[in-house]
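*Asks:* mind looking at a prediction? Sequence and model below.
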Amino acid sequence: MDKRSDSLDLAASAALAGRQGFDYLIVGAGFAGSVLAERLARGLGQRVLVVEKRQHIGGNAYDRYDDDGVLIHPYGPHIFHTNSSEIFEYLSQFTQWRPYQHRVLASVDGQLVPMPINLDTVNRLYGLNLTSFEMEAWLASVVEKKDLIRTSEDVVVSKVGRDLYNKFFRGYTRKQWALDPSELDASVAARVPTRTNRDDRYFTDTYQAMPLHGYTRMFERMLDHPKIKVMLNTDYREVVDALPWQHMIYTGPVDTFFNCRYGKLPYRSIRFEHRNLLREQFQPVGTVNFPNDYGYTRITEFKHLTGQRHPTTSVVYEYPCADGDPYYPVPRPENAALYRRYEADAEALTNVTFVGRLATYRYYNMDQVVGQALATFKRLSKRHTNGVEPALGKAVLDSTAAA
């Protein structure tokens, strides 16, 4: 008998004690799935099976030590920040924190300058000595006023003008999305602020910290509960009809769930090139962006993030690409319209709840996913309080899979 069969037998024996089955089948062990598994098990005493197709928990936030002993993020840098005390306090049950404020420099015109654009960025690039008040007037003199903001280009040129747009945004966006900013929704550029002071922090959230012993350790503690069973290296379709369950929480790609019946939802992916270097430090800050040069968009050095001391250092180069794991939903009107068709089908299912980035086709920060999961738990809790118990969900899923 192979390992998959052994794992299935163990899960089945756990589920079938007293013929109760699992109350919840959770697809995916990232933030959305893990938070809901923990809350349902510890908060409501529900029996939960978490099924994960990868060989590890934690989703894209998974971290590990590389062959040289440096703690890295295999799926690119994950820096935690939030303004929500509820979210921060919830996660604090499972980890201690290392205070960390992320800083980013951009390689522009042969210089490394602060990003987001701030007072020092402008003074260094243009040889000026502006004050914060003068910076506001200077920006007002270079911006292109737009009566209607429709695209990412409109957002940026209306905030910082054409020259800074070309230096910082246009090339980076074309590499990241394989589209010109004039072809992308305004929401893409709206995430990046511009400052008239010297604040060089990438984020300004109230809570900025990294899990002291890494994200994976935090996820392990979150899922460490006798009512939670975890199956790795398993596609949920392999077990959905083999084990009894009451309700599914699905955190994977929503179009995949429906067998792409309306077509694939477009995503951009990233190829990560990890390197270990025989030096203690490679760059002055955690991340350096390259908006105009090279095929990669940025380099991140992990020891800045983790605070680890080690005689060597490990970095990751990020190369945006079309194929690979889905990372960034492509924000264009036609894609939003396509998602709405899947969303309507998802909302019609009474025994499946869709949670997380991939399941809702949105680019969420980690804290936003945690917040969405906690809000989902509150809604599910009301169902239990009101005595609403969904019927076994196999019949619905069988018809869905066949569509």
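*Replies:* In hand now; what should we look at?
*Asks:* which residues make contact with the helix or strand residue 338 falls within from outside it?
*Replies:* Taking DSSP states H and E as the definition, one finds residue 338 inside helix 333-347. Under the criterion C-beta atoms under 8 Å, 6 or more residues apart in numbering, residues 185, 254-255, 257-258, 261-263, 265-266, 329, 352, 354, 359-361 lie in contact with helix 333-347. Bear in mind the C-beta positions are built from the backbone N, C-alpha and C, glycine included.
*Asks:* identify the residues contacting stretch 170-184?
*Replies:* Defining contact as C-beta under 8 Å, 6+ apart, one finds that stretch 170-184 is touched by 151-153, 156, 165, 169, 188-189, 268, 289-292, 295-297, 320, 322, 328, 330-332.
*Asks:* which of these are buried?
*Replies:* Taking 16 or more other C-beta atoms under 10 Å as the criterion, what is buried in these is 151-153, 156, 165, 169, 188-189, 268, 289-292, 296-297, 320, 328, 330-332.
*Asks:* out of those, which sit inside strands?
*Replies:* Counting by DSSP state E, the buried ones among the contacts of stretch 170-184 place 268, 289, 320, 328 in strands.
*Asks:* can you read off the pLDDT for the third one?
*Replies:* Residue 320 is assigned a pLDDT of 97 by the prediction.
*Asks:* please name the nearest non-neighbouring residue to residue 285.
*Replies:* Nearest-residue entry for residue 285: residue 103, 4.4 Å, with adjacent residues in sequence omitted and distances by C-beta to C-beta, 6 or more residues apart in numbering.
*Asks:* just residue 136 next, same as before
*Replies:* residue 196 (5.2 Å).
*Asks:* cool, and residue 105?
*Replies:* Closest residue to residue 105 in three dimensions, ignoring its sequence neighbours and counting by C-beta to C-beta, 6+ apart: residue 112, at 4.2 Å.
*Asks:* what about residue 69, neighbour count?
*Replies:* Applying the criterion other C-beta atoms under 10 Å, we find 12 residues in the vicinity of residue 69.
*Asks:* let's number from 558 now, not from 1
*Replies:* Done: numbering now begins at 558, and the last item shifts to residue 626.
*Asks:* residue ranges for the strands of the stretch 608-757 of the chain, please.
*Replies:* Residue ranges of the strands in the stretch 608-757 of the chain, as given by DSSP state E, counting those that start in this stretch, are 621-622, 628-629, 637-639, 654-656, 661-665, 668-672.
*Asks:* give me the contacts around stretch 595-612.
*Replies:* Outside of stretch 595-612, the residues within contact range by C-beta under 8 Å, 6+ apart are 568, 571-572, 577-586, 590-591, 594, 614, 619, 779-780, 782, 784-793, 796, 800, 802, 930-931, 934, 937-938, 941.
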